[in-house]
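Asker: predicted structure and sequence below. I'll ask about it afterward.
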Amino acid sequence: MGMAFAMYLRNEKKQGIDFAAINPVYAKQHVQYASLIETQRSELRSIAKSDPELYSEFRNQIAQMDATYKDLSNELATSPNQERVLRAMIHNLQIQTQVLSQQLKVLEQMKEMKNEGNNESKNI
C-alpha cells in the first residue's frame, strides 16, 4: 500500500496537478483506489507463469481501461472543469477494481475446481 502511495505521489508530481487542490475527498479516494488496484494487479501477476494465456487476456482488459485513464489524466491538465475529469478518473479506477475483483474470483474458482478434480481422482 505504501508503494502504491509513493507511486501516486510521484505520478502526481510528474503531472504537476495537485488532486487535493481540486477536491480533497476525490484525492483521497484516488489514492485508495490506486493502492487497491496495485495490490490486485500483484495478485494477478502471480498467475502469469501458471496460466499465461488467461493472464494475458486479463491484462488486455485492464490495459484498455488504463488507456482511458491516461486519456483522462491528460485531459485533466487542460480541462476547465477539473473536478468533473477527476471524478471520471476515480470512476475509471472503481471499474478497474471491480474488474480485477472479478478476475481474481475467476482464478479462485478455477483453483477450487482444479483441487476438487485432484481430490476426486485420488479417491478413485
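Answerer: Right, received. Where do you want to start? Numbering: from 1, shown residues only.

Asker: kindly list the longest helix within this structure.
Answerer: Longest helix in the chain by number of residues (criterion: DSSP state H): helix 82-123.

Asker: mind giving me the packing neighbours of that helix?
Answerer: helix 19-22, helix 24-45, helix 52-78 (3 or more CB pairs under 8 Å, 6 or more residues apart in numbering; DSSP states H and E). All C-beta atoms are positioned from the backbone trio N, CA, C, and that covers glycine.

Asker: would you agree residue 82 is in contact with residue 22?
Answerer: Yes. Using CB atoms under 8 Å, residue 82 is in contact with residue 22, at 4.9 Å.

Asker: burial count for the closest residue to residue 99 other than its chain neighbours?
Answerer: Residue nearest to residue 99 in three dimensions, not counting chain neighbours: residue 61, with 6.2 Å by CB to CB, 6 or more residues apart in numbering. By other CB atoms under 10 Å, 14 other residues sit near residue 61.

Asker: I'd say residue 36 and residue 94 touch.
Answerer: No. Between residue 36 and residue 94 there is no contact, the gap being 9.6 Å when judged by CB under 8 Å.

Asker: okay, which residue is most central for this structure?
Answerer: Nearest residue to the geometric centre of the chain (CA atoms, centre = their mean): residue 37, 3.2 Å.

Asker: ok, for it, nearest residue in space, not its chain neighbours?
Answerer: Excluding the flanking residues, the one nearest residue 37 by CB to CB, 6+ apart is residue 96, at 5.4 Å.

Asker: cool, thanks, signing off.
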